[in-house]
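Trainee: Just a sequence and a predicted model for now, questions to come.
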Amino acid sequence: MKSEQVILFSDLDGTLLDHHTYTAAPALPCISQLQQTHIPIVLNTSKTRAEIQLIQQQLNLDGPFIVENGAAVYIPKSSFPEQPADTQSLGLFWIKEFAAYKQHILNRLTQLASAFEGQYRGFSSLSSQQVSAITGLSLQQAQLAKQRQYGEPLQWLGDDKSRTEFIEQVRSQGIKVQYGGRFIHLSDHCDKGQALEWLAQQYQKTNPQKIIRTIALGDGGNDIAMLEAADVAVIVRSPAHDYPALTRRDGIYRTQQLGPEGWAEAIQALLLHSTANAPRLHIPAREVTHG
């Protein structure tokens with residue numbers, strides 16, 4: 001009988017990081033325990049490569065990570081014994097890209113600028129100081145957040161009616177729209193779920209003797225594809241909005257705690273009750289919606 005290998009895919013802002021303070025402190029004991037049981041934690045977020053690498057250092061993580069809402073997967077070359085197919089080599093990483101670079105999005109936005117003038121602000125037009133003021137990030141963190149390669153987050157300033165019209169126009173230009181905790185994210189046609197599935201396949205190819213199981217943790221609209229794709233979806237309660245709606249009806253855990261407290265709550269319930277050598281996926285019945 002094959003053993004199981006659990007892979008965690010986690011959003012950051014509002015999930016592993018507190019929505020307001022950006023701290024992961026309540027989840028740190030769980031992260032340490034997961035590392036002791038050799039359960040990989042893959043950060044799957046709207047953040048940039050530069051931001052994630054800093055956070056990985058702070059959390060003592062050294063595995064693969066997914067940037068900018070599924071635009072690319074970065075795999076440290078120490079993670080797998082050989083280079084996955086259809087990846088490029090860059091320094092210490094193998095990279096699988098699912099999106100084109102952001103300039104094509106900016107080019108299309110210029111065609112809409114006059115019709116929606118003054119109703120939104122894009123990251124590309126903001127200074128690091130402005131990003132810091134909007135997000136609560138430090139100036140250094142804001143500088144890292146501006147190093148976007150693939151997508152463009154927007155701060156919407158207009159009314160709801162204009163926003164609906166804007167999104168319709170953007171989508172007609174072939175741009176994907178996703179809602180995050182603070183911004184509207186414009187991107188190529190990629191998402192966190194597609195990236196999760198691809199990386200899970202690489203883990204399976206590397207470990208054919210095991211059954212790969214995936215758990216995804218997220219709190220916002222841009223996490224939906226990831227939450228739908230995983231074997232188990234953990235929806236972390238947010239102070240800013242309701243739980244995102246999923247089409248799936250089972251394998252769902254909705255946390256009662258917020259942010260990193262909720263992240264730790266779910267990990268304790270799903271994994272850390274298990275033995276170190278044989279983690280089991282178990283969801284308390286009271287937390288599961290069955291279709």
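Mentor: Happy to help now that I have it. Worth saying up front: this structure is predicted, and the values here are computed from it rather than measured.
Trainee: hey, let's count contacts and neighbours off CA atoms from now on
Mentor: OK.
Trainee: List the contacts of the most centrally placed residue in the chain.
Mentor: In the chain, the centroid-proximal residue (C-alpha atoms, centre = their mean) is T45; its distance is 2.5 Å. By C-alpha atoms under 8 Å, 6 or more residues apart in numbering, the residues touching T45 are S10, D11, L12, D13, I66, V67, E68, N69, G70, K192.
Trainee: bridging residues for the fifth one?
Mentor: In this structure, I66 has beta-bridge partners N44, V73, where bridges are defined by DSSP bridges.
Trainee: Wait, it touches I41, no?
Mentor: No - using C-alpha atoms under 8 Å as the test, I66 is too far from I41 to be in contact (11.0 Å).
Trainee: between the two, who's got more neighbours?
Mentor: The neighbour count for I66 versus I41, taken as other C-alpha atoms under 10 Å, is higher for I66 (30 against 21).
Trainee: Would you check which pair of the contacts of T45 lies furthest apart?
Mentor: Spanning the widest gap among those are D13 and G70, at 15.1 Å by C-alpha to C-alpha.
Trainee: what about the helices in this structure?
Mentor: Using DSSP state H, the helices of the chain run over 28-36, 49-59, 103-110, 128-135, 139-145, 160-172, 192-206, 224-229, 259-270.
Trainee: In a markdown table: those, plus mean pLDDT.
Mentor: Shown next, in a markdown table, are these (pLDDT from 0 to 100):
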| stretch | mean pLDDT |
| --- | --- |
| helix 28-36 | 95 |
| helix 49-59 | 97 |
| helix 103-110 | 89 |
| helix 128-135 | 93 |
| helix 139-145 | 93 |
| helix 160-172 | 92 |
| helix 192-206 | 97 |
| helix 224-229 | 97 |
| helix 259-270 | 96 |
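Trainee: looking at those helices, which is closest to Y120?
Mentor: Judging those by C-alpha to C-alpha, what sits closest to Y120 is helix 160-172, at 9.1 Å.
Trainee: Export that closest one to PDB, keeping only CA atoms.
Mentor: Provided in PDB are the C-alpha atoms of helix 160-172 (Å, rounded to 0.1, in the frame of the first residue of the first chain):
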ATOM      1  CA  ASP A 160     -19.400  50.000  -8.300                       C
ATOM      2  CA  LYS A 161     -21.200  50.700 -11.500                       C
ATOM      3  CA  SER A 162     -18.100  52.100 -13.200                       C
ATOM      4  CA  ARG A 163     -16.000  49.200 -11.800                       C
ATOM      5  CA  THR A 164     -18.400  46.700 -13.400                       C
ATOM      6  CA  GLU A 165     -18.100  48.500 -16.800                       C
ATOM      7  CA  PHE A 166     -14.300  48.700 -16.500                       C
ATOM      8  CA  ILE A 167     -14.000  45.000 -15.800                       C
ATOM      9  CA  GLU A 168     -16.200  44.200 -18.800                       C
ATOM     10  CA  GLN A 169     -14.000  46.300 -21.000                       C
ATOM     11  CA  VAL A 170     -10.800  44.800 -19.500                       C
ATOM     12  CA  ARG A 171     -12.000  41.300 -20.100                       C
ATOM     13  CA  SER A 172     -13.000  42.200 -23.700                       C
END
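Trainee: E51 contacts Q141, correct?
Mentor: Yes - the criterion here is C-alpha under 8 Å, and E51 meets it with Q141 at 7.0 Å.
Trainee: Tell me who's in contact with I7.
Mentor: Neighbours of I7 in contact, by C-alpha under 8 Å, 6+ apart: I39, P40, I41, V42, A200, I212, R213, T214, I215.
Trainee: switch to 7 Å and redo it
Mentor: Contacts for I7 (C-alpha atoms under 7 Å, 6 or more residues apart in numbering) come out as I39, P40, I41, R213, T214, I215.
Trainee: Neighbour-wise, give me the winner out of these.
Mentor: I215 (24 neighbours).
Trainee: How much space separates that one from I7?
Mentor: Separation of I215 from I7 (C-alpha to C-alpha, to the nearest Å) stands at 6 Å.
Trainee: cool, V42 as well?
Mentor: Between V42 and I7 the computed distance is 7 Å (C-alpha to C-alpha).
Trainee: hmm, back to that, who wins for proximity to F80 among the helices of the chain?
Mentor: Using C-alpha to C-alpha, the helices of the chain put helix 192-206 closest to F80, at 7.0 Å.
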